[in-house]
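Asks: Make a model of this:
(3 chains)
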Amino acid sequence: MLLVLRATARGVVATEISDEGEERAETVIAESDLPAWVAERERARPRWVWNDTARWYPPLLAAGVRVERCVDLRLCHAILRNAIASASSALATAERDGWDAPAPVRAAAASDALFDLEPPPDDDDPVAEWRRQRDAVAAAGDGGRLGLLLAAESVGALVAAEMRHVGLPWSVAEHDRLLTEHLGPRIPNGRPAKLEALAERLREALDAPALNPDSQPDLLRALQNAGLRVESTSKWEVRELDHPVVEPLLEYKTLSRLLTANGWHWLEEWVSEGRFRPVYVPGGVVTGRWASDGGGALQLPKQVRSAVVPDPGWRFVVADASQLEPRVLAAMSGDRAMARAGQATDMYQGMVDTGAVETRQQAKYGMLGAIYGGTTGESGRMKPRIERAFPVAMAYVEAAARAGERGDVVSTWLGRSSPPGEGLGYDETATDVQKRRTQQRAAAWGRFTRNFVVQGTAAEWALCWMGSLRRRLWQMGSGPLTQRPHLAFFVHDELLVHTPATLADEVAAALRESAAEAGRLLFGGMPVEFAVSVAIVERYSDAK
DNA sequence: TCGGAAAGCGCC
DNA sequence: AAAGGGCGCTTTCCGA
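Replies: Have a look, this model is predicted:
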């Protein structure tokens, strides 16, 4: 059964639709009664259908209501609009409309006074949109892959809202302690003592008394005036120099970064009541990966992870999908030799053991090159060997690269399609310079599409992993979400669960079982192991 | 004075 | 040691 929610000027209209698609009943509910109404109906385990999870779900969570399933119409629409598999559907061939617009700015999810001043505009008809999507999926003829993708995308939206709701446990005291230890005590609008001392050492080493090390042009000039041949101030270039300034400069960069990106200001802005609550943006990256909006959640430096501390009596169970992208490539390309290497817990070691390459290092750089399109250095050198050892997998990514270079669209395993390449062709009137530029653009776009199919499929696997885990975690406890084991953090191929210590072992097992289930769901019988490393810890930084 | 671009660096 | 793909954030610079 489906329950479609729609905001109107007279209240929330809920339309019940049977699994066969028949409309049954329509109910009008006052905004304030919605959580209780949803909680009551949730007992029948409906699939909730709404335009944006980020709009409907946070108020429900705030009222203590958790739902099992949903359809996020806007996220699903975006997939169907672009997917090759649904290209001939009514949805994809229709003019662009409100469903193609980005989600409206989140209506201050934390605020209780939602629509005090003016009534919300009526939502576009979600029932009609749901039918359009159902028809597009049914006609895709792809063995159900798009349908699975839409379900995975939607459950991801639920997880994103739930993770923001529960937050990542964060020790302000520990964070402040580590900042003070590394930087010195906080100085409002100024450099803490240790950072200023480093700045002073830079000025001395470069004989530049007025140097502001935060200014790149200033710093570059000072380096050059000191006789150093550098073209930028970047760390990889500085590291190569032989000069007394190198050590303090690299340290300055590291500490300055800590201060500006994750210092006291960040702490005040993003951590409250012992929780870091970033905004996760499912589908925020073209490949299908999540993005984040504010707080830099997906770039949380290892430096500050010691401040991530569970509640008393609770633990973190941290799981990392090892070598996810190579495993995904083995499975989606159907490369048996690569799959065999992927049965090892350490896939790179597996490549050595099956005789494909000589060292683990070679395996790693070789795969990086295959997936990212590297042509130089170690990964370039490894390419012929990788091609010999895993011809099917390499042909798969090469085909994706060639398609991109031509301007063709490529798709992930479940059918998310890349944007079309633009400006990749030229005619005979083009000058040599124009031709060369176009070729460079085409090569770059080929690297993008090569990576797209792998990165995007890995993102699909991760969504399935999360969805499977979410269901298992919910069954492990009772009461509201915050009292059961729950997902608290996610970074592309890594999950962090916050759990009562007594359930930590059970959670660890669930993380492994969910990974295996995600592999089966996507790739069926392909004998690729999706190995996960799991650690039960009392600080995030203690996980590997 | 404001805002976008670029540099640089953190994460996967 | 970096390279190749994808991001977000902060600072400074520079032009409108």
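Asks: Need the pLDDT of the one residue in the stretch 251-400 of chain A that gets nearest to DNA strand C.
Replies: Per CB to the nearest atom of the strand, A:G377 is where the stretch 251-400 of chain A lies closest to DNA strand C, at 2.3 Å. C-beta here means a position set from N, CA and C on the backbone, and glycine is covered the same way. pLDDT, A:G377: 80.
Asks: do A:P217 as well
Replies: Per-residue pLDDT puts A:P217 at 89.
Asks: for the host helix or strand of it, the distance to its chain's centre please.
Replies: Using DSSP states H and E, A:P217 falls within helix A:216-225. Here the centre of helix A:216-225 is set off from its chain's centre by 37 Å, with CA atoms, centre = their mean, to the nearest Å.
Asks: what do you get for stretch A:95-108?
Replies: Taking CA atoms, centre = their mean, one finds stretch A:95-108 lying 21 Å from the centre of the chain it belongs to.
Asks: does any part of it sit near DNA strand C?
Replies: No. Taking CB under 7 Å from any atom of the strand as the criterion, stretch A:95-108 and DNA strand C are apart, separated by no less than 12.3 Å.
Asks: same deal with stretch A:338-358?
Replies: No. Stretch A:338-358 lies apart from DNA strand C when judged by CB under 7 Å from any atom of the strand; the minimum separation is 12.2 Å.
Asks: Identify the residues contacting that stretch?
Replies: Residues outside stretch A:338-358 that contact it (CB atoms under 8 Å, 6 or more residues apart in numbering) are A:322-323, A:326-327, A:329-331, A:337, A:359-360, A:362-364, A:366-367, A:382, A:385-386, A:389-390, A:392-393, A:526-529, A:531.
Asks: And the buried ones among the residues you listed, selectable in ChimeraX?
Replies: In ChimeraX syntax, the buried subset of the contacts of stretch A:338-358 is picked out as below (16 or more other CB atoms under 10 Å):
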select /A:322,323,326,327,329,330,331,337,360,362,363,364,366,367,382,385,386,389,390,393,526,528,529,531
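Asks: Now, the contacts of stretch A:338-358 that are in helices?
Replies: Residues of those located in helices (DSSP state H): A:326-327, A:329-331, A:337, A:360, A:362-364, A:366-367, A:382, A:385-386, A:389, A:392-393.
Asks: give me the subset of those residues touching DNA strand C.
Replies: Among these, proximity to DNA strand C is found for none (CB under 7 Å from any atom of the strand).
Asks: At which residues are the helices of the stretch 101-250 of chain A located?
Replies: For the stretch 101-250 of chain A, applying DSSP state H, counting those that start in this stretch gives helices covering A:126-138, A:145-166, A:172-183, A:193-206, A:216-225, A:235-238, A:246-262.
Asks: Give the full set of residues in contact with A:G380.
Replies: Neighbour list for A:G380: A:G369, A:G374 [criterion: CB under 8 Å, 6+ apart].
Asks: doesn't it fall inside a strand?
Replies: No. Counting by DSSP: H, G, I helix; E, B strand; the rest coil, A:G380 falls outside a strand, being helix.
Asks: Apart from its chain neighbours, what residue comes closest to A:D19?
Replies: Distance criterion CB to CB, 6 or more residues apart in numbering; nearest residue to A:D19, sequence neighbours excluded, is A:M1 at 6.4 Å.
Asks: what about that neighbour, neighbour count?
Replies: 12 (other CB atoms under 10 Å).
Asks: again with A:G295
Replies: 19.
Asks: That one: what's it in contact with?
Replies: A:G295 sits in contact with A:W266, A:E269, A:W270, A:F276, A:R277, A:P278, A:V279, where contact means CB under 8 Å, 6+ apart.
Asks: And it, its phi and psi?
Replies: phi 90, psi -10 (degrees, to the nearest 10).
Asks: Around DNA strand B, which positions in the stretch 301-450 of chain A sit nearby?
Replies: Within the stretch 301-450 of chain A, the residues that sit near DNA strand B (CB under 7 Å from any atom of the strand) are A:P301, A:K302, A:Q303.
Asks: Send me the worst-scoring helix or strand of chain A on mean pLDDT as PDB with only the CA atoms.
Replies: Ranked by mean pLDDT, DSSP states H and E, the weakest helix or strand in chain A is helix A:377-389, scoring a mean of 87. What follows is helix A:377-389, C-alpha atoms only, in PDB (Å, rounded to 0.1, in the frame of the first residue of the first chain):
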ATOM      1  CA  GLY A 377      54.000   7.000 -13.400                       C
ATOM      2  CA  GLU A 378      53.500   3.700 -11.800                       C
ATOM      3  CA  SER A 379      49.900   3.300 -12.800                       C
ATOM      4  CA  GLY A 380      50.800   3.900 -16.500                       C
ATOM      5  CA  ARG A 381      53.600   1.300 -16.200                       C
ATOM      6  CA  MET A 382      51.200  -1.200 -14.800                       C
ATOM      7  CA  LYS A 383      48.600  -0.800 -17.400                       C
ATOM      8  CA  PRO A 384      49.800  -3.500 -19.800                       C
ATOM      9  CA  ARG A 385      50.000  -6.100 -17.000                       C
ATOM     10  CA  ILE A 386      46.600  -5.200 -15.700                       C
ATOM     11  CA  GLU A 387      45.200  -5.500 -19.200                       C
ATOM     12  CA  ARG A 388      46.800  -8.900 -19.600                       C
ATOM     13  CA  ALA A 389      45.600 -10.100 -16.200                       C
END
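Asks: what's the closest non-adjacent residue to A:E517?
Replies: In space, A:E517 is closest to A:S468, 4.7 Å off (CB to CB, 6+ apart).
Asks: Next: A:K383.
Replies: That would be A:G369: by CB to CB, 6+ apart, it lies 5.9 Å from A:K383.
Asks: Count the neighbours of that neighbour for me.
Replies: If we define neighbours as other CB under 10 Å, then A:G369 has 21 of them.
Asks: Wait, a strand at A:H498?
Replies: Yes. Remark: A:H498 belongs to a strand, assigned using three-state DSSP.
Asks: what's the average pLDDT for stretch A:33-50?
Replies: pLDDT averaged over stretch A:33-50 gives 98.
Asks: residues making contact with that stretch?
Replies: In contact with stretch A:33-50 (CB under 8 Å, 6+ apart) are residues A:1-6, A:12, A:14, A:16-17, A:27, A:29, A:56, A:59-60, A:63-73, A:126, A:130.
Asks: helix, strand or coil for the residue nearest to A:E517?
Replies: Secondary structure assignment for A:S468 (three-state DSSP): helix.
Asks: and it, what is it in contact with?
Replies: A:E513, A:S514, A:E517, A:A518, A:L521.
Asks: Give me the pLDDT value at it.
Replies: So A:S468 comes in at 98 (pLDDT).
Asks: same deal with A:Y365?
Replies: For A:Y365, the pLDDT comes out at 89.
Asks: That one - how many residues pack around it?
Replies: Counted by other CB under 10 Å, the residues lying close to A:Y365 total 22.
Asks: Wait, it touches A:M382, no?
Replies: Yes. Using CB atoms under 8 Å, A:Y365 is in contact with A:M382, at 5.8 Å.
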